[in-house]
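Enquirer: Just a sequence and a predicted model for now, questions to come.
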Amino acid sequence: MGDTTKNEQAGKKSFVKGMKAEYNKIVWASKETVTKQTIAVLVSTVALGLVITVIDLIIRLGLDVILG
């Protein structure tokens, strides 16, 4: 019975060591890269929003003309 407790503790320690080792392998993006990508996402989001707005206005005007 004592062996199962030791095995569980050893398993937990091994798991934590493994997690730390994997965490240290992560290559984090630089601040400059994150900034550039954030700006790109914001610009593309605004551009897509404008395109959708223009299409919506064209469709609305077209329906107003058709339905009178």
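Expert: Structure received.
Enquirer: mind checking which helix or strand of this structure has the lowest mean pLDDT?
Expert: helix 2-24 (a mean of 78; mean pLDDT, DSSP states H and E).
Enquirer: Downstream of that one, the next helix or strand is which one?
Expert: Downstream of helix 2-24, the next assigned helix or strand under DSSP states H and E is helix 31-67.
Enquirer: Pull out the buried residues from that following helix.
Expert: By 16 or more other Cβ atoms under 10 Å, helix 31-67 has no buried positions at all. Where you see a C-beta, it was placed from the backbone N, CA and C, and this is true even at glycine.
Enquirer: Check the offset of that helix from the chain's centre.
Expert: Relative to the centre of its chain, helix 31-67 is centred 20 Å away, using Cα atoms, centre = their mean, to the nearest Å.
Enquirer: what's the answer for stretch 20-34, then?
Expert: Relative to its chain's centre, stretch 20-34 lies at 15 Å (Cα atoms, centre = their mean).
Enquirer: send the alpha carbons of it over as CSV?
Expert: What follows is stretch 20-34 as a C-alpha-only set of coordinates in CSV (Å, rounded to 0.1, in the frame of the first residue of the first chain):
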residue,chain,number,x,y,z
LYS,A,20,8.4,22.6,-17.1
ALA,A,21,10.7,21.1,-19.7
GLU,A,22,8.0,21.6,-22.4
TYR,A,23,7.3,25.1,-21.2
ASN,A,24,11.0,26.0,-21.6
LYS,A,25,10.9,24.8,-25.3
ILE,A,26,8.3,27.4,-26.2
VAL,A,27,9.6,30.1,-28.6
TRP,A,28,7.7,33.2,-27.8
ALA,A,29,7.2,35.9,-30.4
SER,A,30,9.0,39.2,-30.0
LYS,A,31,7.2,42.3,-29.0
GLU,A,32,7.8,43.8,-32.4
THR,A,33,6.2,40.7,-34.2
VAL,A,34,3.2,40.8,-31.9
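Enquirer: who's in contact with that stretch?
Expert: With contact meaning Cβ atoms under 8 Å, 6 or more residues apart in numbering, stretch 20-34 is reached by Q37.
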